[in-house]
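**Q** This is a predicted model, with the sequence first.
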Amino acid sequence: MNEERLASELNRLYREVEQRVRPLLAIHSARLQCRRGCRQCCVDDLTVFQVEAENIRRHHSDLLRDAAPHPEGACAFLDQAGACRIYEHRPYVCRTQGLPLRWIEQFPDGTTVEMRDICPLNEEGPPLEGLPETECWAIGPFEGELARLQARVDGGAPHRVSLRSLFRRGA
């Protein structure tokens, strides 16, 4: 897949995520404390698919070459005030942070359990367990789309990259 087509597919996916996130942001606006400079979810160990890493490299080569990463302990892409330096091109995982999340976990014994979580800053409000499924972000479908996009690029198993490692490797 050529670079332009890959960028187009990734941008389409991001637009769809944004479209689906909007109603959830409206539903949960009273409980969401996420604002510019909030970095509770911006942790150091975030990883992204290689296609997203390449998107960041493509759009932020100067930053990766000339700037230092944020000190360890928080996302490498935060500036000194705690704001995201790549916000327009932030990866998928960052586009859904703060929302009530739900996913299905399967255990070795075959048991499946629905799990739910939310940023501790956003806990105040109706209990997560009582929210309709439609009022939570479902983890899984978009990760699957990213994995399929990655597979079309390299044909192999999806490979994830640490955001901090982008600075070490440069553009």
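**A** Okay, I see it. Numbers count the residues shown, from 1 in each chain.
**Q** before we move on, which element is the residue nearest to the spatial centre of the chain in?
**A** Centroid-nearest residue in the chain: Val93, 0.9 Å away (criterion: Cα atoms, centre = their mean). Val93 belongs to helix 92-95 when assigned by DSSP states H and E.
**Q** can you give me the helices in this protein?
**A** Using DSSP state H, the helices of the chain run over 3-27, 50-59, 61-66, 92-95, 141-154, 165-169.
**Q** Can you add mean pLDDT and distance to Gln33 and give those helices back as JSON lines?
**A** From N, CA and C alone the C-beta is placed, and that goes for glycine too. Converted to JSON lines, those look like this (pLDDT from 0 to 100; distance: least, Cβ to Cβ, whole Å):
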{"stretch": "helix 3-27", "mean pLDDT": "93", "distance to Gln33": "12"}
{"stretch": "helix 50-59", "mean pLDDT": "94", "distance to Gln33": "26"}
{"stretch": "helix 61-66", "mean pLDDT": "95", "distance to Gln33": "27"}
{"stretch": "helix 92-95", "mean pLDDT": "92", "distance to Gln33": "16"}
{"stretch": "helix 141-154", "mean pLDDT": "90", "distance to Gln33": "24"}
{"stretch": "helix 165-169", "mean pLDDT": "81", "distance to Gln33": "28"}
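**Q** Could you measure from the spatially most distant residue from the centre of the chain over to Thr96?
**A** The C-alpha centroid of the chain is most remote from Asp109, which lies 29.9 Å away (Cα atoms, centre = their mean). Using Cβ to Cβ, to the nearest Å, we find Asp109 at a distance of 30 Å from Thr96.
**Q** Now distance to Glu123 too, for the helices of the chain, in JSON lines please.
**A** Listed next are these as JSON lines, based on distance: least, Cβ to Cβ, whole Å:
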{"stretch": "helix 3-27", "distance to Glu123": "16"}
{"stretch": "helix 50-59", "distance to Glu123": "28"}
{"stretch": "helix 61-66", "distance to Glu123": "33"}
{"stretch": "helix 92-95", "distance to Glu123": "20"}
{"stretch": "helix 141-154", "distance to Glu123": "24"}
{"stretch": "helix 165-169", "distance to Glu123": "31"}
